[in-house]
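Novice: predicted model and sequence follow; I will ask about them next.
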Amino acid sequence: MANVPLIKLNNGVTIPVLGLGTFQGPPGREDEAGQAVKDAIDVGYRHFDCAHLYNNEKIIGDAIQSKIKEGIVKREDLFIVSKLWNTLHRPPLVERALKETLKNLQLDYVDLYLMHWPQGFKVIIFGEIKLVLIGVFQEGSEFVPVDPKTSLVIPSDVDYVDTWKAMEELQRKGLTRSLGVSNFNSKQIERLLKVASIVPVTNQVECHPYLNQAKLRRFCLDRGIILTSYCPLGSRDRPWKKPGDLDIFSDPKFAQIGNKYRKSAAQIMIRYNVQLGNIVIPKSSNKNRISENINVFDFELSKQDMEYMNSFDCNGRICRYLECVEHPLYPFKPEVEF
């Protein structure tokens with residue numbers, strides 16, 4: 001069983017540097033997420049990255065409870081993360097949202113609760129606005145209001161700083177041990193810190209050799225905020241992938257580097273993130289790959305290979321969320337450097 005190192009967050013809480021992403025379980029295959037969590041626990045994972053939006057927290061909760069009942073793990077051994085979705089930014093909804101997540105996960109608290117995106121969405125039930133689910137999900141309670149004329153999401157008038165203040169109450173009440181953000185740019189973090197009484201412990205963002213987030217990482221670290229890397233393998237099975245889109249994982253350079261260390265391309269890409277100092281959450285529902293992805297702590301990439309992989313950066317963002325591009329709080333606007 002792999003022994004995953006821990007990182008100390010700015011509030012003294014420790015988190016396993018590597019976890020399992022759970023954005024998976026498309027229609028007809030929802031149970032994959034639960035089996036993936038069971039397999040991951042068996043090989044040593046203790047950190048699980050969830051979100052209410054993923055529509056599988058009940059399945060994941062069942063999987064966690066089954067392993068606790070088997071005596072494989074205790075609750076205190078686990079680090080469970082979840083996220084507040086964009087339609088729930090209005091302060092009176094924040095606590096209700098986390099309590100729904102806790103009910104689904106069958107837990108009394110989560111270890112880390114993130115604001116999934118800085119932009120809030122307006123929820124409209126009637127009228128000329130169509131409500132559509134995020135593409136890969138069959139059903140669920142969180143909707144994305146889309147203007148049928150533009151196919152763009154309709155923003156809410158909620159400011160993320162007000163949402164954050166409501167989230168701080170969740171930590172004070174013991175519903176979460178830590179708080180963080182996701183997909184925030186440097187200007188949004190700077191603005192948040194001016195009003196926050198609790199500093200985010202992490203900013204979860206896309207990070208891989210094609211988008212190594214060097215400037216944002218330095219900015220966050222200077223403020224005691226550690227990056228958590230999602231899509232560290234380039235999300236080759238992402239539902240929105242189109243012909244001609246970036247296919248990072250197929251880049252032969254990673255396999256070539258792997259040959260030097262007798263490691264797979266995936267292990268090289270994960271190890272790269274670890275050595276950057278990031279927390280990393282690769283996703284897989286394949287038992288062999290889950291086991292392979294955690295076995296990255298028995299070797300170290302050379303300084304030369306790290307510099308070589310840094311040179312691959314081309315601002316190759318995969319998760320661009322273009323339906324939100326006109327939202328006033330969209331974090332990836334060209335005028336925002338990082």
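Specialist: Perfect, thanks for sending it. Residues are numbered from 1 along each chain as shown.

Novice: for the residue nearest to Glu100 when sequence neighbours are not counted, give me its contacts.
Specialist: Closest residue to Glu100 in three dimensions, ignoring its sequence neighbours and counting by Cβ to Cβ, 6 or more residues apart in numbering: His52, at 6.8 Å. All C-beta spots, glycine's among them, are computed from the backbone N, C-alpha and C. Counting by Cβ atoms under 8 Å, 6 or more residues apart in numbering, His52 touches 82-85, 88, 97, 100-101, 104, 141-142.

Novice: at 10 Å what do you get?
Specialist: Counting by Cβ atoms under 10 Å, 6 or more residues apart in numbering, His52 makes contact with 82-85, 88, 97-98, 100-101, 104-105, 116, 140-142.

Novice: could you identify the buried members of the residues you listed?
Specialist: 82-85, 88, 97-98, 100-101, 104-105, 116, 142 (16 or more other Cβ atoms under 10 Å).

Novice: helices and strands of this structure: which one has the lowest mean pLDDT?
Specialist: strand 130-132 (a mean of 49; mean pLDDT, DSSP states H and E).

Novice: closest one of the contacts of His52 to Lys165?
Specialist: Leu84 (12.9 Å; Cβ to Cβ).

Novice: for that closest one, give me its contacts.
Specialist: 51-53, 93-94, 97-98, 101, 113-117, 120, 163-164, 166-167, 170, 179, 181-182.

Novice: could you do Pro209 as well?
Specialist: 232, 234, 248, 251, 253-254, 268-269, 272-273, 276, 306, 308-314, 316.

Novice: looking at the contacts of Leu84, which are in helices?
Specialist: 93-94, 97-98, 101, 163-164, 166-167, 170 (DSSP state H).

Novice: taking the residues you listed together, which two end up most distant?
Specialist: Every pair of the ones in helices among the contacts of Leu84 checked by Cβ to Cβ; the farthest is Thr101 and Trp164, at 17.4 Å.

Novice: next, the contact list for the closest residue to Arg317 other than its chain neighbours, please.
Specialist: Once flanking residues are discounted, Arg317 sits nearest to Leu211: 5.5 Å by Cβ to Cβ, 6+ apart. Leu211 is in contact with 205, 229, 231, 234, 246, 248, 312-319, counting by Cβ under 10 Å, 6+ apart.

Novice: mind listing the strands for the stretch 201-338 of the chain?
Specialist: 202-206, 226-230, 279-280 (DSSP state E, counting those that start in this stretch).

Novice: determine which stretch of the ones you listed is the most buried.
Specialist: Comparing the strands of the stretch 201-338 of the chain by mean neighbour count (mean count of other Cβ atoms under 10 Å), strand 279-280 ranks first with a mean of 27.

Novice: just the residues contacting that strand, thanks.
Specialist: Against strand 279-280 from outside (Cβ under 10 Å, 6+ apart): 7, 9, 15-19, 21, 47, 49, 79, 81, 112, 201-202, 204, 207-208, 226-230, 232-233, 269-274, 293, 296.

Novice: and Ala63, what's its pLDDT?
Specialist: Looking at Ala63, its pLDDT is 97.

Novice: try Glu206
Specialist: Glu206 is given a pLDDT of 97.

Novice: now do Pro26
Specialist: 57.

Novice: what do you get for Glu32?
Specialist: So Glu32 comes in at 88 (pLDDT).

Novice: go on, Thr150?
Specialist: Value listed for Thr150 in the pLDDT field: 84.

Novice: CA-only coordinates of stretch 12-22 in PDB, if you can.
Specialist: Output of stretch 12-22 as PDB, limited to C-alpha atoms (Å, rounded to 0.1, in the frame of the first residue of the first chain):
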ATOM      1  CA  GLY A  12      -2.500  23.700  10.500                       C
ATOM      2  CA  VAL A  13      -4.700  21.000   9.000                       C
ATOM      3  CA  THR A  14      -2.800  18.300   7.000                       C
ATOM      4  CA  ILE A  15      -3.900  17.000   3.600                       C
ATOM      5  CA  PRO A  16      -2.600  14.000   1.600                       C
ATOM      6  CA  VAL A  17      -0.700  15.500  -1.400                       C
ATOM      7  CA  LEU A  18      -2.400  13.100  -3.700                       C
ATOM      8  CA  GLY A  19      -6.100  12.200  -3.900                       C
ATOM      9  CA  LEU A  20      -8.700  10.800  -6.200                       C
ATOM     10  CA  GLY A  21     -10.900  13.000  -8.400                       C
ATOM     11  CA  THR A  22     -14.500  11.800  -8.600                       C
END
